[in-house]
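Colleague: Let's see this in three dimensions:
(one chain, ligands or ions: 2)
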Amino acid sequence: MCGLFIVFEGPEGAGKSTQIGYLKRSFETTGQAPLTTREPGGTPASDAIRTVLLDPKLVISPLSEFLLYAASRAQHVTDIIIPALKEGKTVISDRFTGASVAYQGYGRGLDLGFVNDLNTRVSQGVTPDLTILLDLEPLRGLERVDQRGGKDRLEQADLAFHQRVRSGFLKQAEANPSWVVLNAELPEDDLAREIWYIVSERLLGRSKMTDASERSS
Ligand SMILES: Nc1ncnc2c1ncn2[C@@H]1O[C@H](COP(=O)(O)OP(=O)(O)OP(=O)(O)O)[C@@H](O)[C@H]1O
Ligand SMILES: [Mg+2]
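Modeller: Ligands and ions are numbered 1, 2, ... in the order given. Coordinates of the predicted model:
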């Protein structure tokens, strides 16, 4: 597989969708058209699983929740991510395996060995070249989501849960050199410039950077 695989992780409201939009446009300035996708979802079956996962009326145990995420991810990897990477496309995913480690492992308390093992199975050899963690203090993220309106089941969980999730994300970043942690409270265009700089430096080589997207600092 020769395409690049870039993943955004972080809590609700961290700015993942916003930054994926910026990064997609930055790639487009170089003539590339990356595939953007999201978890859970990305395929009709995975989107159907997403509807179940995010329905606040359903009571789902931590184990079932993880298995649903894993099922959605398996389909997404098979149908979307692997074919695109094989074609040489850059794939940018809103969440991947790290989200299950943080939410279902650290957050809900499932055994981390089990979460990692099933993640490895369902990702079928696909590992991100770069994971960008948009780190945000949980209350700030929840405030942003409140302002946007509408809450799903995860967003109604308590603050302690979100603090465990945050620390689960940070631990993965510490342990894995392909992760980068950025402060999600920075202005969105500063973050976008920083992310494009990191992508260009680490994955594309400096020559691919366009003047318009060059780092200002
Ligand atoms: N750097 C930033 N500073 C301040 N506000 C931001 C920043 N980035 C995004 N926002 C705002 O925060 C809100 C959440 O942003 P966004 O939808 O991109 O987050 P998300 O991580 O994709 O959330 P979710 O996990 O719920 O999909 C939006 O209202 C957005 O305009
Ligand atoms: Mg989003």
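
Colleague: ok so Val7 is a strand residue?
Modeller: Yes - assessed with DSSP: H, G, I helix; E, B strand; the rest coil, Val7 lies in a strand.

Colleague: Give me the spatial nearest neighbour of Pro138, chain neighbours excluded.
Modeller: His162 (3.5 Å; CB to CB, 6 or more residues apart in numbering). All C-beta spots, glycine's among them, are computed from the backbone N, C-alpha and C.

Colleague: Quick check: the gap between the one residue in the chain that gets nearest to ligand 2 and Val52.
Modeller: Ligand 2 sits closest to Ser17 of the chain, with a gap of 3.3 Å, by CB to the ion. Going from Ser17 to Val52 by CB to CB, to the nearest Å gives 21 Å.

Colleague: quick one: the helices in the protein?
Modeller: 16-29, 44-53, 62-76, 82-86, 97-100, 112-123, 138-148, 153-156, 159-175, 188-199 (DSSP state H).

Colleague: could you dump those to TSV with mean neighbour count and distance to Thr37?
Modeller: Output for the helices of the chain, formatted as TSV (neighbours: other CB atoms under 10 Å; distance: least, CB to CB, whole Å):
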stretch	mean neighbour count	distance to Thr37
helix 16-29	18	9
helix 44-53	16	9
helix 62-76	20	7
helix 82-86	17	8
helix 97-100	26	14
helix 112-123	16	14
helix 138-148	15	21
helix 153-156	15	19
helix 159-175	17	20
helix 188-199	18	17
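
Colleague: what sits against Ile6?
Modeller: Taking CB atoms under 8 Å, 6 or more residues apart in numbering as the criterion, Ile6 is in contact with 23, 34, 90-93, 128-132, 199, 203.

Colleague: Let me see the confidence value for it.
Modeller: pLDDT, Ile6: 98.

Colleague: lowest-pLDDT helix or strand in the chain?
Modeller: Here the helix or strand of the chain ranked lowest by mean pLDDT, DSSP states H and E is helix 153-156, holding a mean of 56.

Colleague: Can you pull the phi/psi pair for the residue nearest the centre of the chain?
Modeller: Geometric centre of the chain, nearest residue: Arg95, 2.2 Å, by CA atoms, centre = their mean. The phi/psi pair for Arg95 (degrees, to the nearest 10) reads phi 80, psi 150.

Colleague: again, but for Pro187
Modeller: Residue torsions, per degrees, to the nearest 10, at Pro187 are phi -60, psi 150.

Colleague: From Asp111, how far off is it?
Modeller: Counting by CB to CB - Pro187 and Asp111 are separated by 39 Å.
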